[in-house]
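S.K.: what follows is a predicted protein model with its sequence.
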Amino acid sequence: MGKMQECPFQRGKFAHQKVIDENGSLFPMVLLPKDDNEECNTLQSFIKSIQANKEFINDQLKKVGALLFRGFPLKTASDFNEVMEAFGWEEQSYLGAASRTRVLGRVFTANEAPLHQPINFHHEMPLFQDFPTKLAFFCEVASSHGGQTAILLSHKITERMEAKYPELVCKIEKEGLIYKSNLPAEDDPDDFLTGWQTLYKTRDKREAERMAANCGIKLSKVCWEGNNMILRSEPIVSIRKVDEGKRAWFNLLAFRNIEEPPILGGGSMVPREAIESCFQIAEEEAVEVKWEVGDIVVLDNRFVMHARRPSKSPRRILVAFCK
Ligand code: FE2
């Protein structure tokens, strides 16, 4: 750091970006092709300019947390896959229960739950020890009604929750949070999570238990209620320190659509009011990215959360996860 870097792209703007520091940095940073530059007119030239500017991209991502590449000639999942390879970040396998399928290469559908359902703010794979540090979304089809991906800086939630509930935040930080999930056997097409048979690729309960034990979340209990698999986690680190003193709100308290909210590591409940307040704060910190076809949004998953707004069909957003 320290040396000035020339921006290889043109900076763009859209309504409601947030100013996040005294230098006037905007969240997300919008990067467009340079007017006078034919370099980014083809997919191959865009890929070359990414390869030539990895340091710039990595530094900005670390600083700002979200980069929106707009106006570049990407159309298909395969184009997106090539661009992901060009960034040079290693793929992180997806281990969670979100309903998504691999399209090709390292590209997945973002979520196949019906589009009228919102998906609230979360980090990707927040309960896993090996969560992706970066993820990228690509817009193949933009919805004409809604369907924005909203993003926020999650350390802002920690700061604001701490100002309001200092003791609770201190406990969350010290004790972590315990999650309980109840996975049905079969997938529910209306749910954004799959059942255990899809998740663990087996119909055998003992095999599912073995898979769960090795999935990368420390579990204190696995049991069955009929064909429903009940998992209870050990306390999980829920406020994560990121560089430059940021403390990310790395948990699912703002994710109001889970049937059972997590409890504190010591066993006490998180007050309803605090959960509601957390949800409100997340909404206030949100920046809406209104998709245009061909957009790529890269997020630093260590301190940026994302959410899906409801929309009408068609809408197709793809995703790739990186270490
Ligand atoms: Fe997600």
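M.R.: Received it, and whenever you're ready, just let me know what you need. Residues are numbered from 1 along each chain as shown.
S.K.: what's the first helix or strand after the lengthiest helix in the chain?
M.R.: With secondary structure taken from DSSP state H, the chain has its longest helix at helix 272-285. Downstream of helix 272-285, the first helix or strand assigned by DSSP states H and E is strand 287-289.
S.K.: buried residues in that next one?
M.R.: Of the residues in strand 287-289, those scored as buried under the neighbour-count criterion (16 or more other Cβ atoms under 10 Å) are V287, V289. Using the backbone N, CA and C atoms, a C-beta is placed for each residue, glycine as well.
S.K.: show me the strands paired with that strand, marking each as parallel or antiparallel.
M.R.: The partner list of strand 287-289 in its sheet, established with DSSP bridges, is strand 149-153 (antiparallel).
S.K.: restrict the partner strand to CA atoms and write it as CSV.
M.R.: Extracted C-alpha coordinates of strand 149-153, given in CSV (Å, rounded to 0.1, in the frame of the first residue of the first chain):
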residue,chain,number,x,y,z
THR,A,149,-28.9,-7.7,-4.7
ALA,A,150,-28.5,-5.5,-1.6
ILE,A,151,-25.2,-5.3,0.0
LEU,A,152,-23.8,-3.8,3.3
LEU,A,153,-20.7,-3.4,5.3
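S.K.: which residues sit against it?
M.R.: 18, 20, 27-28, 65-66, 121, 137, 246, 282, 285-289, 291, 297, 299, 303-309, 317 (Cβ atoms under 8 Å, 6 or more residues apart in numbering).
S.K.: which of those fall in helices?
M.R.: Of the contacts of strand 149-153, the ones assigned to helices by DSSP H are A282, E285.
S.K.: now the contacts of strand 149-153: which count as buried?
M.R.: Judged by neighbour count, with buriedness set by 16+ other Cβ under 10 Å, the buried members of the contacts of strand 149-153 are 20, 27-28, 65-66, 121, 137, 246, 282, 285-287, 289, 291, 297, 299, 303-309, 317.
S.K.: mind listing the helices for the stretch 151-300 of the chain?
M.R.: For the stretch 151-300 of the chain, the helices identified by DSSP state H, counting those that start in this stretch occupy 154-164, 166-175, 196-199, 205-213, 272-285, in order along the chain.
S.K.: so for N251, which of those sits nearest?
M.R.: In terms of Cβ to Cβ, the element of those nearest to N251 is helix 166-175, at 7.2 Å.
S.K.: quick one: buried residues of that closest one?
M.R.: Residues of helix 166-175 classed as buried: L168, V169, K171, I172, E173, E175 (neighbour count, 16+ other Cβ under 10 Å).
S.K.: and the end-to-end length of stretch 119-129?
M.R.: The first and last residues of stretch 119-129 sit 22 Å apart, counting by Cα to Cα, to the nearest Å.
S.K.: list the contacts of it.
M.R.: Counting by Cβ under 8 Å, 6+ apart, the neighbours of stretch 119-129 from elsewhere in the structure are 94-96, 111, 113, 131-132, 135, 150, 152, 154, 179, 192, 215-217, 233, 236, 248, 250-252, 254-257, 279, 282, 286, 301-302, 304-308, 321.
S.K.: swap in stretch 174-185?
M.R.: Looking at stretch 174-185 with Cβ under 8 Å, 6+ apart, the contacting residues turn out to be 97, 127, 193, 195-197, 199, 203, 220, 225, 227-238, 251-253, 258-260, 262-267, 270.
S.K.: reformat the helices of the stretch 151-300 of the chain as CSV; add distance to F72 and mean pLDDT.
M.R.: Below are those laid out as CSV (distance: least, Cβ to Cβ, whole Å; pLDDT from 0 to 100):
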stretch, distance to F72, mean pLDDT
helix 154-164, 28, 98
helix 166-175, 40, 98
helix 196-199, 34, 94
helix 205-213, 39, 95
helix 272-285, 28, 95
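S.K.: so which of the ones you listed gets nearest L32?
M.R.: helix 272-285 (25.1 Å).
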